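Novice: coordinates only, no sequence provided:
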């Protein structure tokens, strides 16, 4: 009997358009002989099932069901394709776990922790995971520019702490640029993280649960045409994404070990994609994404393809892992 799969997409953040693209790729890739796939749009003002004619049917939030043609439809599993809030920060995970509906992403705690860059990095440092020097600010804090620069140096990166797709991030070269960068980051979040610049090869590492085991996918090297891997580099083709990455065997071994270690320490499941920069030959963790982009151009699907895993296999494996 075919399983009913709800593919949730959209969300409440600046990433909603990318999420809709990811969700539609999942919808188009799932085998209709095995799954009944349903597109569910999650927005602040509406949760709706969108059918093939783009007609909308309201989701009952009490049990995540929907009435279509006088028939109540329920779901066997939820495929999470929401980047940012509420799909990547723990809210949807907690909701589905309360309803006892299997879902493809990590647990609520893991989602909340990894979405908070500074808390995630702080929790991994005791395990020997290397990171950039960092300085934290909350909205309303006194901004001591001299103390910030003394801690992280110049150039540095100012980032929104809980935002994805490079929203709210600025590379700062001069002290007089710092305040503007802080203002930009605070437009995305009320917490920001300021990090030292790591000058080295940047790589993106996909780690997934595949057929019951933790699997590190072929590594992607990021070569941005811009000053760093910003939104335009990620989504408008202004970068080279080279899979497999041009690393030495030793570099590859080191980042594979760290990526798997981080995934296992955090008790992750489902998809993850982490960014590392090599400094002095050692991989330094920047951040982890637990609902990475899933469009055909996105990094994780590229990596899966390099590992001989098709989109259909990648997505169906996630569903079967959740159901098991």
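Specialist: Sure thing, it's come through. Quantities reported herein were computed from a predicted structural model and do not represent experimental measurements.

Novice: the protein - how does it break down into domains?
Specialist: Using automatic domain parsing, the domain parsing of the chain gives 3-104, 112-130+199-323, 134-196.

Novice: I'd like those domains laid out as CSV, including mean pLDDT and mean neighbour count.
Specialist: Backbone N, C-alpha and C define where each C-beta goes, glycine included. As requested, the domains of the chain are exported to CSV (pLDDT from 0 to 100; neighbours: other Cβ atoms under 10 Å):
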stretch, mean pLDDT, mean neighbour count
domain 3-104, 97, 18
domain 112-130+199-323, 92, 18
domain 134-196, 92, 17
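
Novice: spatially central, which residue of the chain would that be?
Specialist: residue 289 (2.8 Å; Cα atoms, centre = their mean).

Novice: that one reaches residue 274, doesn't it?
Specialist: Yes. Residue 289 lies in contact with residue 274 (Cβ atoms under 8 Å); the separation is 7.3 Å.

Novice: I'd like the distance from the helix or strand containing residue 240 to the chain centre, please.
Specialist: Under the criterion of DSSP states H and E, residue 240 resides in strand 239-242. Averaged C-alpha coordinates place strand 239-242 at 18 Å from its chain's average position (Cα atoms, centre = their mean, to the nearest Å).

Novice: other SSEs contacting that strand?
Specialist: The contact analysis (3 or more Cβ pairs under 8 Å, 6 or more residues apart in numbering; DSSP states H and E) places strand 239-242 against strand 220-224.

Novice: given the strand it packs on, what are its sheet partners and their directions?
Specialist: Applying DSSP bridges, strand 220-224 is found paired with strand 202-210 (antiparallel), strand 239-242 (antiparallel).

Novice: so which elements touch the top helix by length along the chain?
Specialist: The longest helix of the chain (DSSP state H) is helix 249-265. Helix 249-265 sits against strand 202-210, strand 213-216, strand 271-279, strand 282-289, with contacts defined as 3+ Cβ pairs under 8 Å, 6+ apart.

Novice: run through who's touching stretch 83-96.
Specialist: The contact list for stretch 83-96, computed with Cβ atoms under 8 Å, 6 or more residues apart in numbering, reads 8, 11-16, 18-19, 22, 42, 64, 78, 80-82, 102-103, 105-109, 111-112, 115, 162-165, 289-293.

Novice: nope, stretch 124-137 is what I meant
Specialist: For stretch 124-137, contacts defined as Cβ under 8 Å, 6+ apart pick out 118, 121, 143, 147-148, 151-153, 157, 161, 182, 191-198, 258, 261-262, 265-266, 277, 279, 282-286.

Novice: mind doing that once more with 6 Å?
Specialist: For stretch 124-137, contacts defined as Cβ atoms under 6 Å, 6 or more residues apart in numbering pick out 118, 121, 148, 151-152, 192-196, 198, 265, 282, 284-285.

Novice: can you tell me how far the closest residue to residue 167 other than its chain neighbours sits from residue 187?
Specialist: Of all residues not flanking residue 167 in the chain, residue 14 sits nearest, at 4.7 Å (Cβ to Cβ, 6 or more residues apart in numbering). In this view, residue 14 and residue 187 are 10 Å apart by Cβ to Cβ, to the nearest Å.

Novice: what are the contacting residues of stretch 162-174?
Specialist: Taking Cβ under 6 Å, 6+ apart as the rule, stretch 162-174 contacts 14-15, 83-84, 115-116, 155-160, 178, 181, 184-185, 188-189, 227-228, 230-231.

Novice: from those residues, which ones fall inside strands?
Specialist: When strands are assigned by DSSP state E, the members of the contacts of stretch 162-174 inside them are 156-160.

Novice: in CSV, list these along with distance to residue 52.
Specialist: Shown next, in CSV, are the ones in strands among the contacts of stretch 162-174 (distance: Cβ to Cβ, whole Å):
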residue, distance to residue 52
156, 49
157, 43
158, 44
159, 40
160, 37
